[in-house]
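# Predicted model follows, preceded by the sequence.
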Amino acid sequence: MDQLKYTAKGRLLNIKICLNDLIKSMLKISFSYCENFLTAVPANIADLRNIEVLNFFNNQIEELPTQISSLQKLKHLNLGMNRLNTLPRGFGSLPALEVLDLTYNNLNENSLPGNFFYLTTLRALYLSDNDFEILPPDIGKLTKLQILSLRDNDLISLPKEIGELTQLKELHIQGNRLTVLPPELDFYLLRIPCVLVNLTDLFNCYYLCLDFENTIWISQNYVKWCKWLICSCKV
């Protein structure tokens, strides 16, 4: 048995991990989709040394213990739809993490610890439905990212370092307050299925390449004062 999934109906207010040999050997644990109201994760979660997947989606977790960074084999961490407004010091010390879902929380650029962008093994990062106004330039360090979801934040700009994400296949930036896209994105807009819904009012965008074969859902945009707009499509 390598998976424990909490599926009981009702409200789970807290959890206490009993560290027997069975629990320690588990690879996947989920506490989601069951009307849970967890507000915290216990510190002794660090003793789950073999855990690869942790799912806390749809709870009311307000804080994480610093010990969570001790999970050396953790590959997939889902903290979506909680109440996090900060991440603990040392959070970036998860050497195997590939998928991190922080969707639907209360995070912003000041919520991230200094070593957050040390998570260089990340392939997918979901930061949608938070309160980011800017994306730190260190995002360029996550060079293995294939999916970056930033939709429905308060972003007013994107750093040029986003152009360093050479393996990026999906970039979701709809539902923000972007008025310009960095020219470093031009190449990727031609190459990746970039979702551009509701990029309201792209004022003074000097140069923008759009490949309508790969760029989906571009309706509802208002591209104004764009000096160079290169569009390509196949009929």
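Structure received. Residues are numbered from 1 along each chain as shown.

# okay, CA-based contacts and neighbour counts for the rest of this
Noted.

# remind me which residues of this structure are low pLDDT?
Residues of the chain that meet the criterion pLDDT under 70 lie in 1-25, 33-36, 186-235.

# all helices in it, in order from the N-terminus.
Taking DSSP state H, the helices of the chain run over residues 21-25, 186-191.

# Strands of the protein, start to end?
Applying DSSP state E to the chain gives strands spanning 3-5, 28-30, 53-55, 76-78, 99-101, 124-126, 147-149, 170-172, 202-203, 207-211, 223-224, 228-232.

# The third one packs against which elements?
By that I understand strand 53-55. Other helices and strands packing on strand 53-55, by 3 or more C-alpha pairs under 8 Å, 6 or more residues apart in numbering; DSSP states H and E, are strand 28-30, strand 76-78.

# Dump these to JSON lines, plus distance to residue 166 and mean neighbour count.
Converted to JSON lines, the helices and strands packed on strand 53-55 look like this (distance: least, C-alpha to C-alpha, whole Å; neighbours: other C-alpha atoms under 10 Å):
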{"stretch": "strand 28-30", "distance to residue 166": "31", "mean neighbour count": "17"}
{"stretch": "strand 76-78", "distance to residue 166": "22", "mean neighbour count": "19"}
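
# of all those strands, which lies closest to residue 154?
strand 76-78 (22.1 Å; C-alpha to C-alpha).

# Residues in contact with the closest one: which ones?
52, 53, 54, 55, 56, 57, 97, 98, 99, 100, 101, 102 (C-alpha atoms under 8 Å, 6 or more residues apart in numbering).

# Narrow these to just the buried residues.
52, 53, 54, 55, 56, 57, 97, 98, 99, 100, 101, 102 (16 or more other C-alpha atoms under 10 Å).
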